[in-house]
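In: okay, sequence plus prediction incoming.
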Amino acid sequence: MDKRTFKTRFMAILEEEVSGLSSVQKLKYMKKWIKEYERNIVGNQPDSQPIKTLGPIQINTTSKIGMLVRTTMKEIVEAHLLTLEKVQELEDEKYCKYTFDINYPLLKKVTLTQPLYEQKNVNGYPRYWAEVITIHGQRYLICNDWYERNKTKFIRWVEGLGA
């Protein structure tokens, strides 16, 4: 379906009268349904298997998102699949918001001027795992602020690495 058709159908649904629902409530339901669809699309594909093998990386699609990100990122780093350009993208908040729909950069460079426990916090909340990974000789923290709605986008990104 192209964008124009989607927009036309979307607007038609929005303009239809549904007893007891305002346009704002209809929008909320539509957003919820889209998120549910994105969450379920990976596991409900006919030839989808719980474990996908992409070169040296195995993706267990039944794992919870936090465990999936943690284990997959370790495998990606060990397989040397991240170029310097990719690392820079993963340090960019806007790129990560667009790519994964997360609110923080996936990677945060570790500095020697601050204690590690302070660096993993953002506004007083821990947003990065304490475990440090090394990529191209530089030390990084991995974002821990993941939700199930991010799983599909993360898996798509991993598949796009050409692993």
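Out: Alright, I've got the coordinates.

In: the spatially most distant residue from the centre of the chain: which element?
Out: Here the chain reaches farthest from its C-alpha mean at residue 19, the gap being 36.0 Å by Cα atoms, centre = their mean. Here residue 19, judged by DSSP states H and E, is contained in no helix and no strand.

In: measure it to residue 102 for me?
Out: Relative to residue 102, residue 19 is positioned 37 Å away (Cβ to Cβ, to the nearest Å). Every C-beta, even on glycine, is put in place using the N, C-alpha and C of the backbone.

In: now swap in residue 15 and tell me
Out: Taken as Cβ to Cβ, the span from residue 15 to residue 102 is 33 Å.

In: repeat for residue 61
Out: According to Cβ to Cβ, residue 61 stands 18 Å off from residue 102.

In: so which of these two has more stuff around it?
Out: residue 102 (22 against 16; other Cβ atoms under 10 Å).

In: my read is that the more buried one contacts residue 142, right?
Out: No - with contacts counted by Cβ atoms under 8 Å, residue 102 stays clear of residue 142, the gap being 11.0 Å.
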